[in-house]
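Q: Only the shape, not the letters, is given here:
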């Protein structure tokens, strides 16, 4: 039994072609991470450190957080990895945006097709 792909035979709109092209570029590159980068401020615990005197002197560290199977999890990121992890998170967010654009264009195809059938 042959399945007909009525909607996929039509020419893709410019917006969809662009989104698919960019999505391929993103996926062929290194690293994607579905997470948030979180800035943490805390005291080091040394009584003679500036951070013991005022909250504005607390030390800055970075963590990455995500939800896995409904449970939150966090992991400390060393300063030397921060730029790369930010890139991964940004690439994931851009890929998600491109997928949304492709989905919206396909939704429009369905709407147009159902209007033509009436």
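A: All right, it came through fine. It should be emphasised that the depicted structure is a prediction, and the values quoted were computed from it without experimental measurement.
Q: So what's the residue count around residue 54?
A: The tally of other residues near residue 54 (other C-beta atoms under 10 Å) stands at 8. C-beta here means a position set from N, CA and C on the backbone, and glycine is covered the same way.
Q: quick one: pLDDT of it?
A: We have a pLDDT of 85 for residue 54.
Q: tally of neighbours for residue 16?
A: Residue 16 has 19 neighbours, counted by other C-beta under 10 Å.
Q: What about it? Give its phi and psi, please.
A: Residue 16 adopts backbone torsions of phi -70, psi -40, taken as degrees, to the nearest 10.
Q: let's have the chain start at 487 instead
A: Got it, the first residue is 487 from now on, which makes the last one we talked about residue 502.
Q: Not counting its neighbours along the chain, what's nearest it?
A: Excluding its sequence neighbours, the residue lying closest to residue 502 (C-beta to C-beta, 6 or more residues apart in numbering) is residue 591, at 3.9 Å.
Q: check contacts around that neighbour.
A: Going by C-beta atoms under 8 Å, 6 or more residues apart in numbering, residue 591 touches 498, 499, 501, 502, 505.
Q: Inside strands: which ones of those?
A: Using DSSP state E, no member of these falls within strands.
Q: Any figure for the gap between the residue positioned nearest the centre of the chain and residue 586?
A: The residue lying closest to the centre of the chain (C-alpha atoms, centre = their mean) is residue 579, at 2.4 Å. Note on residue 579: its distance to residue 586, by C-beta to C-beta, to the nearest Å, is 11 Å.
Q: Perfect, I'm done here.
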